[in-house]
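J.: Sequence unavailable; structure follows:
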């Protein structure tokens, strides 16, 4: 193809593109080609309802962010996770079972233990609220009552009194007057104390095995052999023979009854 022919071809292509572009622009101006428009901004509220809706969205996002902490601090998860972690350390199995298994088992046991309380929350608060038979303020009040009753059963009066004295709260006349701001931290430290007590009882038999093995190795002159390496099979055998998982999980679940 000659040079003038190539030049003519290029000019014709440019002309075709220009026609298509101008035609699309004309259609867009005439409203035939409609493209979506996206805009983000903060505008001044024109009614109290808009402010209330925005605040509700902020509160909802805050609650969703704090949901894991609420799940941990207001349920049986703390005691379960601490006891199972102490059990792993007492056995001396390093990272077995893995932390993911301990957390997962603690989570499912928490759902099992808290099922009656969660059912009360649904029946008395969440169900009526979703059906539109209850307002938001009443929903929060009704939903807190079953959780408050559960935590009060597991909280020591000494721990609850500590936080109420620090906060300057008056002595409550009944369970409904106990503020959650004092009850939740009191419940957490009570759970930690109970978990450590259970952990101590778990540690004792395994500690005895470690001491016996260390004494036998020392009497045989095997000072270079780590006692933990020898005692680990005996601890695992003891734990399996007594059906340790059955006893520990059963005792943990019954401790909340």
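T.: Cool, got the structure. Just so you know, these numbers come straight off a predicted model, no measurement behind them.
J.: give me the low-pLDDT residue ranges for the stretch 51-200 of the chain?
T.: 51-57, 59-60, 63 (pLDDT under 70).
J.: if I look at residue 198, how far off is residue 246?
T.: 15 Å (Cβ to Cβ, to the nearest Å). Where you see a C-beta, it was placed from the backbone N, CA and C, and this is true even at glycine.
J.: These two - which one has more neighbours?
T.: With neighbours defined as other Cβ atoms under 10 Å, residue 198 and residue 246 compare such that residue 198 has more, 19 against 9.
J.: for that one, what are its contacts?
T.: Neighbouring residues of residue 198 by Cβ atoms under 8 Å, 6 or more residues apart in numbering: 79, 83, 86, 251-252, 255.
J.: same check, this time on residue 209
T.: Neighbouring residues of residue 209 by Cβ under 8 Å, 6+ apart: 231, 234-235, 238.
J.: try it again with 10 Å
T.: 92, 227, 230-232, 234-235, 237-238 (Cβ atoms under 10 Å, 6 or more residues apart in numbering).
J.: As a markdown table, those residues with neighbour count and secondary structure would be great.
T.: Shown next, in a markdown table, are the contacts of residue 209 (neighbours: other Cβ atoms under 10 Å; DSSP: H, G, I helix; E, B strand; the rest coil):
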| residue | neighbour count | secondary structure |
| --- | --- | --- |
| 92 | 16 | coil |
| 227 | 19 | helix |
| 230 | 16 | helix |
| 231 | 23 | helix |
| 232 | 19 | helix |
| 234 | 14 | helix |
| 235 | 21 | helix |
| 237 | 11 | helix |
| 238 | 15 | helix |
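J.: Could you give the number of residues near the closest residue to residue 164 other than its chain neighbours?
T.: Nearest non-adjacent residue to residue 164, counting by Cβ to Cβ, 6 or more residues apart in numbering: residue 182, 4.9 Å away. Residues near residue 182, counting by other Cβ under 10 Å, number 21.
J.: Make 76 the starting number, not 1.
T.: Yes, from this point I'll number from 76; that puts the last item at residue 257.
J.: Was I right to think residue 257 contacts residue 227?
T.: No: at 11.4 Å, residue 257 does not count as touching residue 227 under the criterion of Cβ atoms under 10 Å.
J.: which residues are in contact with both of those two?
T.: residue 235.
J.: Show me which positions of stretch 315-332 end up buried.
T.: By neighbour count with 16 or more other Cβ atoms under 10 Å, stretch 315-332 contains the buried residues 319, 323-324, 327, 330-331.
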